[in-house]
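J.: I'll drop the sequence and a predicted model, then ask my questions.
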There are 2 protein chains.
Amino acid sequence: MNAKYMEFALEQAKKAALMGEVPIGAVVVLNGKIIASAHNLCESLKDPTAHAEILAMKKAAEVVGDFRLTGAELYVTLEPCAMCSGAAINARVKEIIFGAADPVKGALGSVTNLYSFNFPNKPTVYGGIKEKEAVQILQDFFKAKR
Amino acid sequence: MNAKYMEFALEQAKKAALMGEVPIGAVVVLNGKIIASAHNLCESLKDPTAHAEILAMKKAAEVVGDFRLTGAELYVTLEPCAMCSGAAINARVKEIIFGAADPVKGALGSVTNLYSFNFPNKPTVYGGIKEKEAVQILQDFFKAKR
């Protein structure tokens, strides 16, 4: 875990906002290098699975050439939902580092903590990293929408 | 819920086995019609998210032209994992009908019941539908692998 990588996830979130997508960004880091980055694209792609984390993990798997991202760190600006937390298990992600908590859909401590159950290959989780910046981007987006 | 649609999910599972993929199949039904079907493709696509349910929901969203599959029923031969159970929430699926339970990764009653928590838009779940057939396909696959 190195908080500096969250800056790149925040940049991705800002790109999403410019497209009218809910501003959430993610990057995957392996061996100290960013190997994939993405932002939320549900509306543009009309795809319920097109969260930043899913898109970033899919790209990372392409780069690695394996669906197993063993040793990878996933940085994301918002607490992952159940889908994304589950995908990180399937992808063998080592660490998840998130910014703001999500009281509505957050599955790593807010609505439930998915990793408190007996699933295999659970990542270690660090929450609240550059939280203020992540919250600000989301607040600005929803204020402008109203 | 109509158990007859599980037959088509089982057919998909058999197709996966022929490719050497873990044999899990899924179909999405909307207004009494199958609008999407898929099977597990994690190994072939080298994609940690390429579970039968995710691929079927993505195809269904393409057909509907919206990431919201409101009113849709998802039939799947094995109890969904956390990723897939979470994706069904995001996709606004109305009902999930599954065959066999999955003691290792099942998130709708086995390892945990994700829908017992306060998430929005939770589908109604029916488990154990054509369970014997689903188990048989999985057992035959893993027996042949050994």
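T.: Arrived safely, thanks for sending.
J.: Dihedrals phi and psi, the residue most central in space within chain A?
T.: For chain A, the residue nearest the mean C-alpha position is A:Val76 (3.2 Å; C-alpha atoms, centre = their mean). The phi/psi pair for A:Val76 (degrees, to the nearest 10) reads phi -140, psi 140.
J.: wait, isn't A:Gln12 in contact with A:Glu21?
T.: No - under the criterion of C-beta atoms under 8 Å, A:Gln12 is not in contact with A:Glu21, lying 10.5 Å apart. Just so you know, the C-beta spots here come from the backbone N, C-alpha and C atoms, and that holds for glycine as well.
J.: who's more crowded, those two?
T.: Between A:Gln12 and A:Glu21, counting by other C-beta atoms under 10 Å in any protein chain shown, A:Gln12 is the more crowded of the two (23 against 20).
J.: For that one, which non-adjacent residue is closest in space?
T.: A:Gly25 (2.6 Å; C-beta to C-beta, 6 or more residues apart in numbering or on different chains).
J.: can you pull the pLDDT of that neighbour?
T.: pLDDT recorded at A:Gly25 is 98.
J.: Check the one 10 residues further on too.
T.: You'll see A:Ile35 listed with a pLDDT of 98.
J.: That one should be in a strand, yeah?
T.: Yes - A:Ile35 forms part of a strand when assessed by DSSP: H, G, I helix; E, B strand; the rest coil.
J.: For chain A, what lies in contact range of chain B?
T.: A:42-43, A:45-51, A:54, A:57-58, A:61-62, A:65-69, A:81-87, A:89-92, A:104-105, A:107, A:111-112, A:114, A:117-120 (C-beta under 8 Å from any C-beta of the partner chain).
J.: which residues of chain A fall in helices?
T.: All helices of chain A, identified by DSSP state H, fall at A:4-18, A:42-45, A:52-64, A:82-90, A:131-145.
J.: so how far is the second one off the chain centroid?
T.: If you compare the mean C-alpha spot of helix A:42-45 with that of the full chain, they lie 16 Å apart, counting by C-alpha atoms, centre = their mean, to the nearest Å.
J.: what comes up buried for that helix?
T.: Across helix A:42-45, burial judged by 16 or more other C-beta atoms under 10 Å in any protein chain shown covers A:42, A:45.
J.: Same check on stretch A:69-76?
T.: A:69, A:72-76.
J.: Dump those to a markdown table, plus pLDDT.
T.: A markdown table is the format used below for the buried residues of stretch A:69-76 (pLDDT from 0 to 100):
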| residue | pLDDT |
| --- | --- |
| A:Leu69 | 98 |
| A:Ala72 | 98 |
| A:Glu73 | 98 |
| A:Leu74 | 98 |
| A:Tyr75 | 98 |
| A:Val76 | 98 |
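J.: so which of those would you say is closest to A:Lys130?
T.: Within the buried residues of stretch A:69-76, proximity to A:Lys130 (C-beta to C-beta) peaks at A:Tyr75, which comes in at 9.3 Å.
J.: Am I right that that closest one is in contact with A:Leu10?
T.: No - using C-beta under 8 Å, A:Tyr75 makes no contact with A:Leu10, being 9.2 Å away.
J.: circling back: can you say which of the helices of chain A is packed in most?
T.: Ranked by mean neighbour count under mean count of other C-beta atoms under 10 Å in any protein chain shown, the helices of chain A are led by helix A:82-90, which reaches a mean of 28.
J.: How far off centre is that one?
T.: So, by C-alpha atoms, centre = their mean, the centroid of helix A:82-90 is 10 Å from its chain's centroid.
J.: Let me see the residues that make contact with it.
T.: A:49, A:51, A:53-54, A:57, A:67, A:74, A:76, A:80, A:96, A:105, A:107-108, A:112, A:114-115, A:119-123, B:42, B:48-49, B:51, B:81-87, B:89-90, B:105, B:107, B:114, B:119 (C-beta atoms under 8 Å, 6 or more residues apart in numbering or on different chains).
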